[in-house]
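> here are the coordinates; sequence isn't available:
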């Protein structure tokens, strides 16, 4: 969320930013926000004048009473009562205008970083770098759920009976592999100096609206009936929410955290080969990384964070590339974002497995996450987040890139980095 004073002083910049994001329908919000802000200031000023006048009249009433001028004093009292009613109305108006302004401001997109490439949608995202050789084996790679089935590792039919579409049972070596990847990712981030956290899996509505846009909230979040609680779509939500209405000493920054959680999402795609199986589901598990830092350090942390994802995937013999999201593909709160995409030998293309985002001070402004500098000055922190790994997408990439076939049976190679988490196994064999 932007500072209203910035919007008032730079309406053309804010409008141009909206155009760069191809969200022209939001252009009227800028003028609307400015008008509401001016109305609010006028109400505040009139209320302030009335309070000052009330104090002045109260002193006059005291003098008149002391002089025995009771009738004149009563007239002054009537004026005070009249102005008190107006003051109460102004205070109500100020509260209403504040809420209205907040609602408008939360819909105006954050100012994107100047380095972000211009483009309309994800088809115009820009490849930055590729890492690793894009191999395609000399045997046909089965669809990912078929790979899992060959190792007696998945049961979607039973999950459909129990929970419906978009759920699954993982079993045996595949389930163990899933857990091993998460445990490895956890320790990988701890070794990078991040503090491991297991957060709440439900958050209140004020945290939801603090960490994401209304559009994302409607598309993603499951609400708990009858309670002010939502299931998290990613642990970033409760991790950033941890610092709501806090003041952190500058010397404590940066705060570097890695969190595990299950994730729950309403939206489920239905287009293309990668949308079937377990690519998009309602429930999955994830290891996340979150950084809260000084504004001048946020871009350095942004580059470190996506590079950690690349390093982790390459340690598991998975080729990846980084893709910079163009202006039209950035969510409202983001100022810059990279996707890390894994190579799919089956599809012979890359698909998204991580998303690294710098949100500037947008979340901090919504949630009141402030920093106290060494000079005593207070300012808003910058917040960043990135996926470490999110099985099952990561599991799909792992299985496809480490699959082998001897003409009769399939096997999956376990990279050295993962073997301690798989009981020392170097390979898993088809059942």
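Looks like it arrived, so ask away. Quick caveat: nothing in here was measured; it's all calculated off a predicted structure.

> ok, how many other residues are close to residue 41?
13 (other C-beta atoms under 10 Å). Quick note: C-beta positions are derived from backbone N, CA and C, even for glycine.

> do residue 389 as well
26.

> and it, what does it touch?
Contacts for residue 389 (C-beta atoms under 8 Å, 6 or more residues apart in numbering) come out as 181-182, 185, 286-287, 312, 353-354.

> which of the residues you listed lies closest to residue 258?
Of all the contacts of residue 389, residue 258 sits closest to residue 287, with 6.4 Å by C-beta to C-beta.

> tell me which element the closest residue to residue 423 other than its chain neighbours is part of?
Leaving aside its sequence neighbours, residue 423 sits nearest to residue 176 (C-beta to C-beta, 6 or more residues apart in numbering; 8.0 Å). Per DSSP states H and E, residue 176 falls inside helix 172-191.

> quick one: end-to-end length of stretch 366-375, please.
24 Å (C-alpha to C-alpha, to the nearest Å).

> same question for stretch 340-360.
20 Å.

> which stretches of the stretch 1-150 of the chain aren't confidently modelled?
55, 57-67, 69-71, 73-77, 80-81 (pLDDT under 70).

> contacting residues around residue 236?
211, 259, 288, 290, 385.

> max pairwise distance over those: which two?
211 and 259 (13.4 Å).

> which parts of the stretch 251-400 of the chain are helices?
For the stretch 251-400 of the chain, the helices defined by DSSP state H, counting those that start in this stretch occupy 298-315, 362-367, 393-401.

> so after the last one, what's the next helix or strand?
So the one you mean is helix 393-401. Heading C-terminal from helix 393-401 (DSSP H and E), you reach strand 403-405.

> helices and strands around that next one, which ones?
In terms of contacts (3 or more C-beta pairs under 8 Å, 6 or more residues apart in numbering; DSSP states H and E), strand 403-405 is packed against strand 410-413.

> could I get the average pLDDT for the strand it packs on?
The predicted model assigns strand 410-413 a mean pLDDT of 97.

> over to stretch 369-376?
Mean pLDDT, computed over stretch 369-376, is 96.

> which parts of that stretch are buried?
369-371 (16 or more other C-beta atoms under 10 Å).

> ok, stretch 421-431 next?
421-422, 425, 428.

> what's next to it, contact-wise?
Contacts for stretch 421-431 (C-beta under 8 Å, 6+ apart): 150-152, 172-173, 176-177, 179-181, 183-184, 409-414, 419.

> can you check stretch 137-146 too?
147, 150, 154, 156, 273, 276-279, 345-346, 395-396, 399-400, 403-405, 410.

> what subset of those is buried?
For those, buried by 16+ other C-beta under 10 Å: 147, 150, 154, 156, 277-279, 345-346, 395-396, 399-400, 403, 405, 410.

> just to revisit the earlier point, closest one of the buried residues of stretch 421-431 to residue 193?
Closest to residue 193, out of all of the buried residues of stretch 421-431 and judged by C-beta to C-beta, is residue 421, at 20.6 Å.

> ok, residue 194 - contacts?
256-258, 289.

> equivalent analysis for residue 354, please.
Counting by C-beta under 8 Å, 6+ apart, residue 354 touches 306, 309, 339-340, 386-390.

> need the per-residue pLDDT for residue 282.
Confidence score, pLDDT, at residue 282: 89.

> ok, now which ones touch the closest residue in space to it that isn't next to it in sequence?
Excluding its sequence neighbours, the residue lying closest to residue 282 (C-beta to C-beta, 6+ apart) is residue 166, at 4.1 Å. Counting by C-beta under 8 Å, 6+ apart, residue 166 makes contact with 268, 280-283.

> for the closest residue to residue 206 other than its chain neighbours, helix, strand, or coil?
Computed as C-beta to C-beta, 6+ apart, the closest residue to residue 206 that is not its neighbour in sequence is residue 244, at 7.5 Å. Here residue 244 is coil, with the state taken from DSSP: H, G, I helix; E, B strand; the rest coil.

> wait, doesn't residue 244 sit right on residue 370?
No. Here residue 244 does not reach residue 370: they are 10.7 Å apart, not a contact under C-beta atoms under 8 Å.

> list the contacts of residue 305.
So residue 305 contacts 289, 291, 356, 384, 386 (C-beta under 8 Å, 6+ apart).

> nearest residue to it other than its sequence neighbours?
In space, residue 305 is closest to residue 386, 4.2 Å off (C-beta to C-beta, 6+ apart).

> wait, that neighbour touches residue 307, no?
No. The criterion here is C-beta under 8 Å, and residue 386 misses it with residue 307 at 9.9 Å.

> which of the two has more residues huddled nearby?
Taking neighbours as other C-beta under 10 Å, residue 386 and residue 307 compare with residue 386 leading, 26 against 16.

> quick check, pLDDT for the more buried one.
97.

> with the one 10 residues further on instead?
At residue 396, the model reports a pLDDT of 94.

> residues touching it, list them.
144, 277-279, 344.

> dump those residues to a markdown table, plus distance to residue 38.
What follows is the contacts of residue 396, written out as a markdown table (distance: C-beta to C-beta, whole Å):
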| residue | distance to residue 38 |
| --- | --- |
| 144 | 56 |
| 277 | 54 |
| 278 | 52 |
| 279 | 49 |
| 344 | 54 |
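
> out of these, which are inside strands?
In this view, the contacts of residue 396 that belong to strands under DSSP state E are residue 344.
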